[in-house]
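Asks: quick check, what structure comes out for this input:
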Amino acid sequence: MPRKRVDKTTEYAVTRIGYCVGGDIEKARIMAYRAGRLRSDIWNKYGSIGAWGISHQKLYKEFQKTNPPQKYLLDQKQWQKTFERVINDIHATQEAAKTIVIRKIYRFFKPEKDWRGKQIEETSFRAELIESLKTLEWMQYPLLHRWMRQAYHRGHTYVNNQICVGISNGAVVKRVSRNVVSVTISGAIMKKRKYQKLTLLFKVGRCTPTGIFQIIFDDVTNEIRLHYPKIVKRRPVTGVGSCGLDKGYTESFTDSNNNVYGDGIGKVMSESVVKRHIRGRVRNKLYQIALSKNKKHIFNCNLTKKRWNRRENKKKRTLTTIVRTGANQFFDKYSARYY
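Replies: The predicted structure is shown next:
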């Protein structure tokens, strides 16, 4: 499935996030570990200069001979999309190193000037050196070789918490309810060319994910997120004039004309503090009972923080939405000016 072209004059791509609310979580986590082994092997082989200036289409068959999908117990499409994503990541790090070297080239190889003070580009090696960065030809220039060694280092990865999925590599997305969609991907192999189907439920709102997206298992916050692209139309900048802005507690912002933006943020924080105080008192009472009577099951069943963290994350997302909405409303009304 070809990537949808974005008209940069009227559209731009954003990344939206959906949160998992159920499904085959443990089996999907195993698939992320298997994809992590594949990522590590790709970086170990092409993390240096093996993929320099070579597209993933040309490297695909070569790597598949030594590292087939059966080795990682992955289906062909998921193996392929993971390979493409990792090679693109390697190329991105190489482009970042090229940017550093190109700046040095422009700084040290300055062209001569004519009697009018205009630069004569033909007297400089800039074009030749920059062109050599597209392939491994830069290794023939000792100075360029040294700069590249300083800017670019061999890479490895230990990421094992991501699954590259998408409509083009076998994922099936269906609307379950008003705000929840189900994402079905291939799981463990059952027999030749036959795989289990794993289903995860994500709360994404009214937008249905399309294209290529990622499932990320965040082991720190114990969240499972779905990152998917969304094409958004650009809104014309209609703001005129200038105005002062101050942040507050009951509202996000207030301008010098007494207009309020992001109203209600204080109410959300106040209600959260009151509820947290009530829950904290009850939890402390349970804690003292479990401590005095040595009831270990109370610690495991009643004093964990899964629901607590879930409520806190929901509150933070609500506050972030209110603040960003208020900021957008302000800059839609007034033009941005920096002092």
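
Asks: show me the strands in the chain, by range?
Replies: 11-23, 112-113, 119-120, 162-166, 172-175, 180-191, 194-203, 212-218, 223-233, 245-247, 251-255, 260-263 (DSSP state E).

Asks: how about a markdown table for the ones you listed, with mean neighbour count, distance to Gly326 and mean pLDDT added?
Replies: All C-beta spots, glycine's among them, are computed from the backbone N, C-alpha and C. Shown next, in a markdown table, are the strands of the chain (neighbours: other C-beta atoms under 10 Å; distance: least, C-beta to C-beta, whole Å; pLDDT from 0 to 100):
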| stretch | mean neighbour count | distance to Gly326 | mean pLDDT |
| --- | --- | --- | --- |
| strand 11-23 | 15 | 19 | 87 |
| strand 112-113 | 10 | 52 | 76 |
| strand 119-120 | 11 | 49 | 74 |
| strand 162-166 | 23 | 33 | 87 |
| strand 172-175 | 14 | 31 | 90 |
| strand 180-191 | 17 | 28 | 86 |
| strand 194-203 | 18 | 24 | 88 |
| strand 212-218 | 18 | 28 | 90 |
| strand 223-233 | 17 | 19 | 88 |
| strand 245-247 | 13 | 9 | 82 |
| strand 251-255 | 19 | 4 | 85 |
| strand 260-263 | 19 | 3 | 86 |
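
Asks: can I get these in CSV with distance to Lys134?
Replies: Shown next, in CSV, are the strands of the chain (distance: least, C-beta to C-beta, whole Å):
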stretch, distance to Lys134
strand 11-23, 26
strand 112-113, 26
strand 119-120, 24
strand 162-166, 27
strand 172-175, 38
strand 180-191, 36
strand 194-203, 40
strand 212-218, 26
strand 223-233, 28
strand 245-247, 47
strand 251-255, 48
strand 260-263, 48
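
Asks: those: which one's closest to Lys81?
Replies: strand 162-166 (4.4 Å; C-beta to C-beta).

Asks: same for that closest one, what does it pack against?
Replies: helix 25-46, helix 76-108, strand 180-191, strand 212-218 (3 or more C-beta pairs under 8 Å, 6 or more residues apart in numbering; DSSP states H and E).

Asks: worst average pLDDT in these?
Replies: Ranked by mean pLDDT, these bottom out at strand 180-191, with a mean of 86.

Asks: tell me the angle it makes with helix 25-46.
Replies: 70 degrees (axes from the mean of the first three to the mean of the last three C-alpha atoms, to 10 degrees).

Asks: so what touches strand 180-191?
Replies: Residues from elsewhere that reach strand 180-191 (C-beta atoms under 8 Å, 6 or more residues apart in numbering): 18, 21, 23-24, 27-28, 30-31, 70, 73-75, 77-78, 163, 165, 170-176, 195-204, 208-209, 215, 226.

Asks: swap the cut-off to 7 Å and go again
Replies: With contact meaning C-beta atoms under 7 Å, 6 or more residues apart in numbering, strand 180-191 is reached by 21, 27, 31, 73, 75, 78, 163, 165, 170-176, 195-204, 208-209, 226.

Asks: if we can go back for a sec, closest to Leu136 out of the strands of the chain?
Replies: Short answer: strand 162-166, nearest of the strands of the chain by C-beta to C-beta, at 28.2 Å.

Asks: what lines up beside the closest one in the sheet?
Replies: If you go by DSSP bridges, strand 162-166 pairs up with strand 212-218 (antiparallel).

Asks: list the contacts of the residue nearest to the spatial centre of the chain.
Replies: Note on the chain: the residue nearest the mean C-alpha position is His227, at 6.6 Å, using C-alpha atoms, centre = their mean. His227 sits next to 15, 17, 213-214, 216 when contact means C-beta under 7 Å, 6+ apart.

Asks: now those as a markdown table including distance to Ile130?
Replies: Below are the contacts of His227 laid out as a markdown table (distance: C-beta to C-beta, whole Å):
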| residue | distance to Ile130 |
| --- | --- |
| Thr15 | 32 |
| Ile17 | 38 |
| Phe213 | 35 |
| Gln214 | 33 |
| Ile216 | 36 |
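
Asks: report the two of these separated the most.
Replies: That would be Thr15 and Ile216, which, of these, are the farthest apart (C-beta to C-beta) at 11.2 Å.
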